[in-house]
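K.L.:
my questions concern the predicted model and sequence given below.
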Amino acid sequence: MKYLFVLLTIAGLFLAGCGQQESQAEAAVEPQIVKVDVEGMTCDGCVNSIKSAMAESEGVVECEVSLEQNLATISYDPSKTSPDALIKTIEDHGYGAKVAKQ
Ligand SMILES: [Cu+2]
């Protein structure tokens with residue numbers, strides 16, 4: 001009888017553990033944020049062209065672009081895109097781009 005109780009306790013802990021793993025898996029697809037140094041922006045038109053390029057990119061959740069700081073702050077879904085892909089897209093639009101040092 002005592003043995004059964006121990007077994008049930010272990011089973012309960014195991015199930016609780018599984019529940020935690022599940023929520024961690026969900027957290028893995030939470031949006032990530034990358035800050036990108038952008039070179040070559042001279043006006044609001046540049047800002048808008050980067051913003052719309054990001055808006056059209058698969059996996060981009062949100063994008064803020066600062067002309068003053070030459071910085072793009074991009075929130076993205078890591079299961080659909082990556083900082084490298086986002087940087088390539090910015091470069092394809094004629095700007096220099098690299099991940100900003102945090
Ligand atoms: Cu411009």
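P.N.:
Ah, there it is.
K.L.:
for this structure, what lies in contact range of the ion?
P.N.:
42, 43, 45, 46 (C-beta under 5 Å from the ion). For glycine as for every other residue, the C-beta is placed from the backbone atoms N, C-alpha and C.
K.L.:
for these, give me JSON lines that also has pLDDT.
P.N.:
What follows is the residues of the chain next to the ion, written out as JSON lines (pLDDT from 0 to 100):
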{"residue": "42", "pLDDT": "98"}
{"residue": "43", "pLDDT": "98"}
{"residue": "45", "pLDDT": "98"}
{"residue": "46", "pLDDT": "98"}
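K.L.:
poorly predicted segments of the protein, please.
P.N.:
1-28, 102 (pLDDT under 70).
K.L.:
is the spatially most central residue of the chain in a bridge, and if so with what?
P.N.:
Within the chain, one residue has its C-alpha closest to the average C-alpha position: by C-alpha atoms, centre = their mean, that is residue 32, at 2.3 Å. Beta-bridge partners recorded for residue 32 (DSSP bridges): residue 76.
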